[in-house]
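Asks: Here is my input; please provide its structure:
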Amino acid sequence: MVRDISFQVQDVQFTLKNKQVIRQWIAEVAAKEEFSIAPINYIFCSDAHLLDMNKQFLNHNYFTDIISFDYTQGKRLSGDIFISIDRVADNAQTYKTTFEAELHRVIIHGVLHFMGYKDKTPVDEKKMRSKENSALKLLVI
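Replies: Got it, this is the predicted structure:
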């Protein structure tokens with residue numbers, strides 16, 4: 001349910017625009033895959049914060065745009081999704097897109113992981129990108 005999707009900010013100045021539209025969109029994407037929403041918490045943070053988490057929880061010493069902690073049970077999506085606003089901004093420049101477009105891609109990317117989609121192999125990454133693109137077409141802001 002859309003009320004079970006929260007957006008928080010940690011150690012950065014950031015305000016997510018169109019929160020209710022984004023909540024509805026996430027719920028719509030989940031429903032299309034026959035999932036429901038249990039609590040999903042988005043936490044927007046800095047590169048430094050996400051790097052610390054990457055080291056602490058994953059033993060990775062590099063920047064990333066997203067780290068997700070999946071608590072999904074069956075078809076009830078649940079988890080915490082940490083997103084680096086710094087990395088999203090850098091990736092938007094790298095991929096020659098807008099900050100908002102890249103942010104929306106990363107937002108849905110985390111949910112797709114909760115649904116079981118992976119991106120570690122070329123085949124899995126291609127499927128993930130396809131799912132992201134399909135989901136992004138549903139977002140009307």
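Asks: Can you tell me the centre-most residue of the protein?
Replies: When C-alpha atoms, centre = their mean is applied to the chain, the residue found nearest the centroid is I107 (2.7 Å).
Asks: any idea where the helices of the protein begin and end?
Replies: Taking DSSP state H, the helices of the chain run over residues 19-32, 47-58, 85-94, 99-114, 122-138.
Asks: Tell me which of those sits most buried.
Replies: Comparing the helices of the chain by mean neighbour count (mean count of other C-beta atoms under 10 Å), helix 99-114 ranks first with a mean of 21. Glycine gets a C-beta too; all of them are placed from N, C-alpha and C.
Asks: Output the contacting helices and strands for that helix.
Replies: Counting contacts by 3 or more C-beta pairs under 8 Å, 6 or more residues apart in numbering; DSSP states H and E, helix 99-114 packs against helix 19-32, strand 36-45, strand 66-70, strand 76-84, helix 85-94, helix 122-138.
Asks: what angle separates the longest one from helix 99-114?
Replies: Going back to what we said before, that points to helix 122-138. Put simply, helix 122-138 runs at 120 degrees to helix 99-114, going by axes from the mean of the first three to the mean of the last three C-alpha atoms, to 10 degrees.
Asks: Can you check the pLDDT for the residue nearest to the centre of the chain?
Replies: At I107, the model reports a pLDDT of 98.
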